[in-house]
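Colleague: with the sequence up front, the predicted model follows.
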Amino acid sequence: MPDGSEMHVKQDLKTVPMLNAFVHDLDMDDLVKNFTEGMMLTLHVDMIMKLQQDQEFYGILDQFDVVTCDSQIMYFATKFLGTPVRQRVSGSDYFPKFYMHHKDNPDMTLFMMGGKPGVAELAASNVNEKVGREFIVGTYAPSFDFEDKPDEIEDMIAQVNASGATALLVGLGGGRQEKFIIKHRDRMPGVKLWLPLGGTIDYESGTFDRPPAWITEAGFEWLYRLIKEPRARFHRYVVHEPPFLWAVLKQKLGLYRDPFAKG
């Protein structure tokens with residue numbers, strides 16, 4: 001990604017098909033340095049399986065400027081399919097590199113939306129201490145059913161705008177966070193960079209430890225998380241993982257069919 005191409009990064013990236021979605025073949029360091037405006041989506045197995053059933057989510061996928069391969073299993077799958085990407089680019093790896101890259105850039109400030117009450121505040125405190133300035137300028141922990149509460153949505157948007165943040169991290173769960181961004185981004189004109197990064201808030205708060213690097217690189221981060229949080233992770237890793245592998249095999253054999261394809 002050349003410098004100065006922030007808003008046109010999609011045209012500069014190779015697109016790698018993955019079931020009825022895609023990921024971009026990109027380099028983490030280039031992404032951190034050059035992607036300062038636009039919308040990112042970090043695609044993992046749980047999300048790609050939601051894309052097999054959620055037509056609304058499917059319909060907004062191509063509006064995102066950058067779609068990263070946020071899963072070691074998916075990274076292995078791109079190799080199996082003969083279209084390997086350069087590297088796994090997970091949100092939890094990207095975010096620390098992002099805020100340290102911008103530590104001395106006063107034009108980059110961030111609002112953190114998501115997490116349980118108190119967790120985002122803890123994450124913000126940790127990040128700001130590392131950066132050495134007020135990089136995260138506001139936090140908000142929405143209620144679980146915030147989509148059904150128009151007044152709360154108004155409050156969320158108002159707080160983002162009042163903060164003056166130029167970037168918004170949204171951690172509302174795969175699919176929900178992306179829909180929120182697409183639906184409401186025009187009402188937050190000061191935000192230039194949109195980062196739906198799911199569980200990154202928990203990692204930055206220190207309330208959930210990341211596994212050792214060798215576990216992630218071997219493709220067993222899912223097992224580590226499942227052992228740590230069996231109830232929260234069961235559906236994502238036990239229900240969705242095997243059907244994903246089966247669907248990838250069908251794609252390899254030319255038997256996969258997009259459930260939302262016309263005709």
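Modeller: Arrived safely, thanks for sending.

Colleague: mind listing what's buried along stretch 40-58?
Modeller: Counting neighbours by 16 or more other CB atoms under 10 Å, one finds that the buried residues in stretch 40-58 are 40-52, 54, 57-58. C-betas here are computed from N, CA, C, even on glycine.

Colleague: can I get it as PDB, trimmed to CA atoms?
Modeller: Presented in PDB, the C-alpha positions along stretch 40-58 are these (Å, rounded to 0.1, in the frame of the first residue of the first chain):
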ATOM      1  CA  MET A  40     -11.700  -2.200   8.400                       C
ATOM      2  CA  LEU A  41     -13.200  -5.600   8.900                       C
ATOM      3  CA  THR A  42     -11.300  -8.400  10.600                       C
ATOM      4  CA  LEU A  43     -12.800 -11.600   9.300                       C
ATOM      5  CA  HIS A  44     -12.700 -14.800  11.400                       C
ATOM      6  CA  VAL A  45     -14.400 -18.200  11.300                       C
ATOM      7  CA  ASP A  46     -17.400 -17.200  13.400                       C
ATOM      8  CA  MET A  47     -18.100 -14.200  11.200                       C
ATOM      9  CA  ILE A  48     -17.700 -16.000   7.900                       C
ATOM     10  CA  MET A  49     -20.200 -18.700   9.100                       C
ATOM     11  CA  LYS A  50     -22.600 -15.900  10.100                       C
ATOM     12  CA  LEU A  51     -22.200 -14.700   6.500                       C
ATOM     13  CA  GLN A  52     -23.700 -18.000   5.400                       C
ATOM     14  CA  GLN A  53     -27.000 -17.100   7.200                       C
ATOM     15  CA  ASP A  54     -27.200 -13.400   7.700                       C
ATOM     16  CA  GLN A  55     -28.100 -11.700   4.400                       C
ATOM     17  CA  GLU A  56     -27.900  -8.200   5.900                       C
ATOM     18  CA  PHE A  57     -24.400  -8.700   7.000                       C
ATOM     19  CA  TYR A  58     -23.500 -10.300   3.700                       C
END
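
Colleague: residues contacting it, please?
Modeller: The contact list for stretch 40-58 (CB atoms under 8 Å, 6 or more residues apart in numbering) reads 18-21, 23, 61, 64-71, 73-74, 89-91, 94, 174-175, 178-179, 193-198, 222, 236, 240-241, 243-244, 247, 259-260.

Colleague: what do you get if the cut-off is 6 Å, keeping everything else the same?
Modeller: The contact list for stretch 40-58 (CB atoms under 6 Å, 6 or more residues apart in numbering) reads 19-21, 23, 64, 66-68, 70-71, 73, 91, 174-175, 195, 236, 240-241, 244, 259-260.

Colleague: what mean pLDDT does it have?
Modeller: Stretch 40-58 shows a mean pLDDT of 95.

Colleague: so how far is it from its chain's centroid?
Modeller: Offset of stretch 40-58 from its chain centre (CA atoms, centre = their mean, to the nearest Å): 11 Å.
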